[in-house]
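Asks: Just need the structure, nothing else, for what follows:
(2 chains)
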Amino acid sequence: SQQGEEDPQALSIQEGENATMNCSYKTSINNLQWYRQNSGRGLVHLILIRSNEREKHSGRLRVTLDTSKKSSSLLITASRAADTASYFCATDDTGFQKLVFGTGTRLLVSP
Amino acid sequence: DGGITQSPKYLFRKEGQNVTLSCEQNLNHDAMYWYRQDPGQGLRLIYYSQIVNDFQKGDIAEGYSVSREKKESFPLTVTSAQKNPTAFYLCASSRDGGEKLFFGSGTQLSVL
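Replies: Below is the predicted model:
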């Protein structure tokens, strides 16, 4: 089962602009993670936010979590062409010790 | 360098053939996972293992089999019962289930 749904499915912006992606999920979670995937490659972990946290920063990344709305957002500030990739949220399926991934947002950053 | 190694990068399967995808990690992680990714889609869990000699079915286990005889290794066999095997297969590991995953670079499986 896919727990998360990312929105939008695709996003096209210019270098220097901010990119915001949203993730909604269905059940209670312990944590929510964001991953990045370059075309044809494996996923790379970006950031993990626990259910008792509301916001977390890592470099140009800012993640928020609203457990009452079962949603999260990933903000990439001052985007670069190298940020072009697909971004996935993943939630831990409590009790099953495994991550369930969303459908992803494809981000295109044009120079 | 620590990491996860998947091989081969590309694999072709003939009708009725079983094929095995390799996944090896030297991160000393207990948990290992296999995901399937179809074009433009998210990842779907095939099998996972939290400890040696134990593994659990994921959401789409039919037509696949795994073994976990060593901590470092978690091979996936795509059997002839899997009628639509063409996909990108990703192996991952984590220190504890539900925590940060480390992924291999993937195997693209196609049907001849």
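Asks: Near chain B, which residues of chain A are found?
Replies: Counting by Cβ under 8 Å from any Cβ of the partner chain, chain A comes close to chain B at A:1-2, A:4, A:30-31, A:33, A:35, A:40-45, A:48, A:88, A:90, A:92-93, A:96-104, A:106. No exception for glycine: its C-beta is placed from N, CA and C like everyone else's.
Asks: Could you pull out the buried residues of stretch A:71-90?
Replies: Using 16 or more other Cβ atoms under 10 Å in any protein chain shown as the test for burial, stretch A:71-90 gives A:71-74, A:76, A:79, A:83-90.
Asks: before we move on, back to that, strands - which of the residues of chain A next to chain B land there?
Replies: If you go by DSSP state E, those have A:31, A:33, A:35, A:43-45, A:48, A:88, A:90, A:92, A:99-101, A:106 in strands.
Asks: so which of the residues you listed would you say is closest to residue B:16?
Replies: Lowest distance from residue B:16 to these (Cβ to Cβ) belongs to residue A:101, with 31.1 Å.
Asks: quick one: the residue nearest to that closest one when sequence neighbours are not counted from residue A:43, how far?
Replies: In this structure, residue A:101 finds its nearest non-sequential neighbour in residue B:43, 4.2 Å apart by Cβ to Cβ, 6 or more residues apart in numbering or on different chains. According to Cβ to Cβ, to the nearest Å, residue B:43 and residue A:43 sit 8 Å apart.
Asks: before we move on, back to that, would you check that the residue nearest to residue A:101 makes contact with residue A:89?
Replies: No - counting by Cβ atoms under 8 Å, residue B:43 does not reach residue A:89; the two are 11.3 Å apart.
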